[in-house]
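# Provided below are the primary sequence and the corresponding predicted coordinates.
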Amino acid sequence: MLGQAPEFQSVLRAMRIVSATDATVLVTGESGTGKELLAKALVESSRRREKPYITVNCAALPVQLAESELFGHRKGAYTGATSDGIGKMQAAHGGTLFLDEIGELPMSVQAKLLRFLETGECQPVGQARSQRVDVRVIAATNRDLSEAVEQGTFRADLYYRLYVVPLELPPLRDRPGDIPLLMKGLTGLLADQYNLVPPNYSKGSVKILNSYGWPGNVRELKNFCERMLILFSGRTIEPTNLPSEFQRAVAPKAAVGDGGFELPEQGIRMDELEANLIEQALYKTAGNRSRAARLLGLSRDTLLYRMKKYAIA
């Protein structure tokens, strides 16, 4: 995992420390920040690195089968269960279970997961007795689980049990100094994969890329590097070569005046906007026209003229 930003390095240091233990870990961060990569790095640094590493996308688990998928089932436990089946927990015995998108885990299964985290026991569907398994759990989510607890969609006791060692990955927009480093590393890997010569980026292009918000985080950056490698292999990429979304996202900011207003992409109706601002100023000043004029940077006479123009009482 590449990055020199202090916030990112702090997460890596915490990851290395916790990798020496079997503590439950909750990895949080926006989509595309590299939560699964961090989980893999944690496992590779742990004593369980040679043991099974099982991943589960909780968002993709069918609600009716989620319990069986995680904890297994016995023959005849439900319609269609024609034989015994082991769950992901049993498959990960001795190793690590990575529960991605843990916030999407059905409420009906959350209680059983909590019991496992507290006792190390899991009970297959249709089996009377529980069985012990040796599994370390790493969970990840891009949701605010504390908010999910307040909304009643996530168990508070499970949340606190998962929150033993939280690792929060910062979004790419908070680590702009890492963008050139990540671009170089990702482009190098992709160039080897495609057997292409990496492109170069002009100073103007780098400036735009550093200013871009990267809503898709590292995943979006990787896709961008792949696109530029394929289209501009061995060439120098100038600002005009960048995809339109980068130019749209950055160019308007340079055009914003001291007033801080940014023209929306879809445009505006100037008369409607002006009338609305006048009404807001009058509301904020309880109808005092002199104070309203000052709020709008107008003379009182100009305000009165425009009030008459827009039939504002």
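Now that the structure is in, tell me what you want to look at. Numbers count the residues shown, from 1 in each chain.

# which residues are in contact with A5?
Contact analysis of A5 by Cβ atoms under 8 Å, 6 or more residues apart in numbering lists 170, 174-175, 177-178. For the C-beta atoms, the positions are set from N, CA and C on the backbone; glycine is no exception.

# how about a cut-off of 10 Å?
With contacts defined as Cβ atoms under 10 Å, 6 or more residues apart in numbering, the neighbours of A5 are 11, 170, 172, 174-179, 181.

# and those, which is the shakiest by pLDDT?
Of all the contacts of A5, P176 has the smallest pLDDT value, namely 82.

# got a pLDDT number for the residue nearest to that residue when sequence neighbours are not counted?
Leaving aside its sequence neighbours, P176 sits nearest to N210 (Cβ to Cβ, 6 or more residues apart in numbering; 4.9 Å). Note for N210: predicted pLDDT of 89.

# helix or strand for N210, which one?
Assigned by DSSP states H and E, N210 belongs to helix 203-211.

# quick one on the thing from earlier: top of the contacts of A5 by neighbour count?
Comparing these by number of neighbours (other Cβ atoms under 10 Å), L172 comes first, having 27 neighbours.

# isn't that one up against E7?
No: counting by Cβ atoms under 10 Å, L172 does not reach E7; the two are 11.1 Å apart.

# what touches both of the two?
D178.

# now stretch 132-139 - C-alpha only, CSV.
In CSV, the C-alpha atoms belonging to stretch 132-139 read as follows (Å, rounded to 0.1, in the frame of the first residue of the first chain):
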residue,chain,number,x,y,z
ARG,A,132,-16.0,-24.0,18.4
VAL,A,133,-14.0,-22.6,15.6
ASP,A,134,-10.7,-20.6,15.7
VAL,A,135,-11.3,-17.6,13.4
ARG,A,136,-10.1,-14.1,13.5
VAL,A,137,-12.7,-11.6,12.2
ILE,A,138,-11.9,-8.5,10.2
ALA,A,139,-14.9,-6.4,9.2
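
# roughly how far out does that stretch sit from the chain middle?
24 Å (Cα atoms, centre = their mean, to the nearest Å).

# next: stretch 298-313.
On the basis of Cα atoms, centre = their mean, stretch 298-313 sits 48 Å off its chain's mean C-alpha point.

# now stretch 21-31
Distance of stretch 21-31 from its chain centroid, counting by Cα atoms, centre = their mean, is 13 Å.

# one more: stretch 70-78?
Distance, centroid of stretch 70-78 to centroid of chain: 34 Å (Cα atoms, centre = their mean).

# list the buried residues of that stretch.
Under the neighbour-count criterion of 16 or more other Cβ atoms under 10 Å, stretch 70-78 has 70-74, 77 buried.

# how long is it end to end?
In stretch 70-78, first residue to last residue: 15 Å (Cα to Cα, to the nearest Å).

# quick one: mean pLDDT over it.
Stretch 70-78 comes out with an average pLDDT of 77.

# also stretch 268-281?
Mean pLDDT, stretch 268-281: 88.

# pull out the buried positions in it.
Under the neighbour-count criterion of 16+ other Cβ under 10 Å, stretch 268-281 has 275, 278, 281 buried.

# does anything pack onto the stretch of helix or strand the first one belongs to? Which helices or strands?
I take that to be A275. According to DSSP H and E, A275 maps onto helix 270-284. Applying 3 or more Cβ pairs under 10 Å, 6 or more residues apart in numbering; DSSP states H and E, we find helix 270-284 packed against helix 289-296, helix 300-309.
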